[in-house]
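Asker: Quick one: sequence plus predicted model below, questions after.
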Amino acid sequence: MFSIVGILIVFGAVLGGFLMEKGPLAVLMQPSELVIIGGAAIGTLLAANPMHVLKKIFSGLTQILRGSKFTTQRYLDTLKMMFLLFNKARKEGLVAIESDIEDPAKSPLFSKYPFFLSSQHIRDFICDTMRMAITGGASTFDVDQMMELDMDVHHAGASQPALALTTVADALPGLGIVAAVLGVVLTMSSLGGPPEEIGHKVASALVGTFLGILLCYGMVGPLASNLSKLIDDEYAYYHVLRVVMLSFIKGMSPILAIEMARRAIPEHVRPSFHEVEKTCRGKDESSVPIAA
């Protein structure tokens, strides 16, 4: 939502300053320039990206409106979920969590966390990693390597929409110049006509350059940057999952593994030690003893 507010401020400041200088707002209303620049930008986006990237762009833009999913509460819920899973494995053995890992949708533990079940990649990232720990056929180093590869592949795919929007933003000033050149062509064809008509055509041509630059630096570029930061937030979340699972697989106690993960959470959403402790020892789970 803040992105939309920021874009409105950009356009409001530019148009407000123009009006303060007694600029006629009607001069900036050039539908033909918008058709040239906007249509060409959409065309380049379609030409440069396959369908799955276009779907991710649309999904990413809607995510910008909602903001980052990886809030302090999301991290608290995740740490509590992992603590309960590790505590169960510590008390009853790794085999005890096999049913939870194999069918998370039917797991009494995981069913309390809809955000976990609704995200296929997060679900698979945790379950597949813990499955490797249960089988015991892979060393700690190998499990860590598998998680790193998974994270890198997922991050590369998630970054494609932001890169695509950045490419469009970079192209907009050039498309504005294309619109301006077409305006100059029309102006040259009108030489010898009334000065007012020539002046209007020159103004229209310059508006094309203006729109290309404004849309680049005032809208599409900032949206691409915002989307890139949301993708980085997701990568940080996976890093926390990697730390907590690797810590437990190495033999740390559940509560120590959770603390290791808490230290890996980005500072702006990192819960305090007491918040995590209170969450993990919540009243609804007071019957579950904490394994040392």
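Answerer: It's in. Predicted model, so just to flag it, every value in this text is computed and none were measured.

Asker: Can you mark which positions in the host helix or strand of Asp128 are buried?
Answerer: Using DSSP states H and E, the element containing Asp128 is helix 120-135. By 16 or more other CB atoms under 10 Å, the buried positions in helix 120-135 come out as 122-123, 125-127, 129-130, 132-134. Any C-beta I mention is one placed from the backbone N, CA and C, and that applies to glycine too.

Asker: Let me see the residues that make contact with it.
Answerer: 82, 85, 94-95, 97-98, 101-102, 104, 116-117, 138, 142-143, 146-147, 150, 154, 237-238, 241, 245, 248-249 (CB atoms under 8 Å, 6 or more residues apart in numbering).

Asker: thinking Pro173 is in contact with Leu211, fair?
Answerer: No. Using CB atoms under 8 Å, Pro173 is not in contact with Leu211, being 9.9 Å away.

Asker: remind me, longest helix of this structure?
Answerer: Under DSSP state H, the helix in the chain containing the largest number of residues is helix 140-189.

Asker: Let me know the average pLDDT across that one.
Answerer: For helix 140-189, the mean pLDDT works out to 92.

Asker: who does that helix touch, helix- and strand-wise?
Answerer: Here helix 140-189 touches helix 31-48, helix 51-66, helix 120-135, helix 195-215, helix 221-249, going by 3 or more CB pairs under 8 Å, 6 or more residues apart in numbering; DSSP states H and E.

Asker: Need the winner for burial among those.
Answerer: The highest average neighbour count among the helices and strands packed on helix 140-189, using mean count of other CB atoms under 10 Å, belongs to helix 221-249 at a mean of 20.

Asker: can you state the direction angle for it and helix 51-66?
Answerer: 90 degrees (axes from the mean of the first three to the mean of the last three CA atoms, to 10 degrees).

Asker: got the contact list for the next helix or strand after helix 221-249?
Answerer: Per DSSP H and E, the first helix or strand lying C-terminal to helix 221-249 is helix 254-264. The contact list for helix 254-264, computed with CB under 8 Å, 6+ apart, reads 75, 79, 82-83, 86-87, 90, 239-241, 243-245, 247-248, 252, 270-271, 273, 276, 280, 290-291.

Asker: Give me the residue ranges of the stretch 151-292 of the chain where confidence is low.
Answerer: 192, 283-292 (pLDDT under 70).

Asker: In the buried residues of helix 120-135, find the pair that's most separated.
Answerer: For these, the farthest-apart pair by CB to CB is Ile122 and Ile134; their separation is 18.7 Å.

Asker: Hmm, Arg270 and Val240 touching each other?
Answerer: No. Here Val240 does not reach Arg270: they are 9.7 Å apart, not a contact under CB under 8 Å.

Asker: Next, find the distance separating the nearest residue to Cys216 once chain neighbours are set aside from Val153.
Answerer: In this structure, Cys216 finds its nearest non-sequential neighbour in Leu172, 3.9 Å apart by CB to CB, 6 or more residues apart in numbering. Taking CB to CB, to the nearest Å as the measure, Leu172 and Val153 are separated by 31 Å.

Asker: do the same with Met260
Answerer: For Met260, the distance to Val153 - CB to CB - is 24 Å.

Asker: out of those two, which sits in the more crowded spot?
Answerer: Comparing Met260 with Val153 by other CB atoms under 10 Å, the one with more neighbours is Met260, at 17 against 10.

Asker: Can you give me the distance of that one to Arg90?
Answerer: 15 Å.

Asker: so what's Leu206 up against?
Answerer: 180, 183.

Asker: export the host helix or strand of Phe86 as CSV, just CAs?
Answerer: Secondary structure assignment for Phe86, by DSSP H and E: helix 72-92. Presented in CSV, the C-alpha positions along helix 72-92 are these (Å, rounded to 0.1, in the frame of the first residue of the first chain):
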residue,chain,number,x,y,z
THR,A,72,7.2,-10.9,13.2
GLN,A,73,4.1,-12.9,13.8
ARG,A,74,4.9,-15.2,10.9
TYR,A,75,8.3,-15.8,12.3
LEU,A,76,6.9,-16.5,15.8
ASP,A,77,4.4,-19.0,14.4
THR,A,78,7.1,-20.7,12.3
LEU,A,79,9.5,-21.0,15.2
LYS,A,80,6.8,-22.4,17.4
MET,A,81,5.8,-24.9,14.7
MET,A,82,9.4,-26.1,14.3
PHE,A,83,9.9,-26.2,18.1
LEU,A,84,6.9,-28.5,18.5
LEU,A,85,8.1,-30.7,15.6
PHE,A,86,11.6,-31.0,17.1
ASN,A,87,10.4,-31.5,20.6
LYS,A,88,8.2,-34.4,19.4
ALA,A,89,11.2,-35.9,17.6
ARG,A,90,13.5,-35.4,20.6
LYS,A,91,11.0,-37.1,23.0
GLU,A,92,9.7,-40.0,20.8
